[in-house]
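In: Need coordinates for the below:
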Amino acid sequence: MPRNTEIKARVQDVAKLHKIAAELSQSSGEVLHQEDTFFNTPQGRLKLRVIKDKREELIYYERPDQEGPKCSDFVKVERKAGELSDDIKLLLSRSLGVKGSVKKTRTLYMVGQTRIHVDKVENLGDFMELEVMLNDDQSLEEGEKIALDLQEKLGVKQEDLLTGAYMDMILKQ
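Out: Modelled structure (predicted):
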């Protein structure tokens, strides 16, 4: 199963974060409009992600809810826009039930093997995520070191780190 090391945090100064991420990635980033529909599962998380005019992804992942770097094991099926979502959403809605949905505008920056996400989440606010995509021969500790280094470079403070998923935060409202 593919793995990554993740960090998620609330953002205090989104303009500053965009500026630093753009400098580190030497790019202006890619803007993605996403809607994630989460389904009820006995373990882990299952979501159908629709990225407007681009692609659709069915993603199952297991990740501990803890602050700071954490390992996420995941499986992803990806298709072109319009090839997956309607039938799969109906099938999963009827068989598992819908937990809820998350709408966000994500700016994606790539720094080496790390995806920096700057997210504006509907009804929640501004956040950032780091996803260090681990190679098969890399340890979790190597991923954590890369994530913590980028966290520091981006100016993300320890007190802004989050434990769960956006869906969890929406359900708590």
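In: so what's the spatially most central residue of the chain up against?
Out: Central residue of the chain (C-alpha atoms, centre = their mean): Glu129, 6.1 Å from the mean position. Contacts for Glu129 (C-beta atoms under 8 Å, 6 or more residues apart in numbering) come out as Glu6, Ile7, Lys8, Ala9, Arg115, Ile116, His117, Asp119. In short, each C-beta sits where N, CA and C put it, glycine included.
In: helix, strand or coil for it?
Out: Reduced to three states with DSSP: H, G, I helix; E, B strand; the rest coil, the structure at Glu129 is strand.
In: Repeat that for Gly164.
Out: Note that with three-state DSSP, the state of Gly164 is coil.
In: wait, isn't it in contact with Arg63?
Out: No. With contact defined as C-beta atoms under 8 Å, Gly164 does not count as touching Arg63 (9.2 Å).
In: More neighbours: which of these two?
Out: Shown here are Gly164 and Arg63; by other C-beta atoms under 10 Å, Arg63 has more neighbours (18 against 15).
In: mind checking the longest helix of this protein?
Out: The helix that spans the most residues within the chain, counting by DSSP state H, is helix 140-153.
In: what helices or strands is that one leaning on?
Out: Secondary-structure packing of helix 140-153 (3 or more C-beta pairs under 8 Å, 6 or more residues apart in numbering; DSSP states H and E): strand 3-10, helix 14-25, strand 114-121, strand 125-133.
In: Dump those into JSON lines; add distance to Gln173 and mean pLDDT as well.
Out: Listed next are the helices and strands packed on helix 140-153 as JSON lines, based on distance: least, C-beta to C-beta, whole Å; pLDDT from 0 to 100:
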{"stretch": "strand 3-10", "distance to Gln173": "15", "mean pLDDT": "92"}
{"stretch": "helix 14-25", "distance to Gln173": "21", "mean pLDDT": "98"}
{"stretch": "strand 114-121", "distance to Gln173": "12", "mean pLDDT": "98"}
{"stretch": "strand 125-133", "distance to Gln173": "12", "mean pLDDT": "96"}
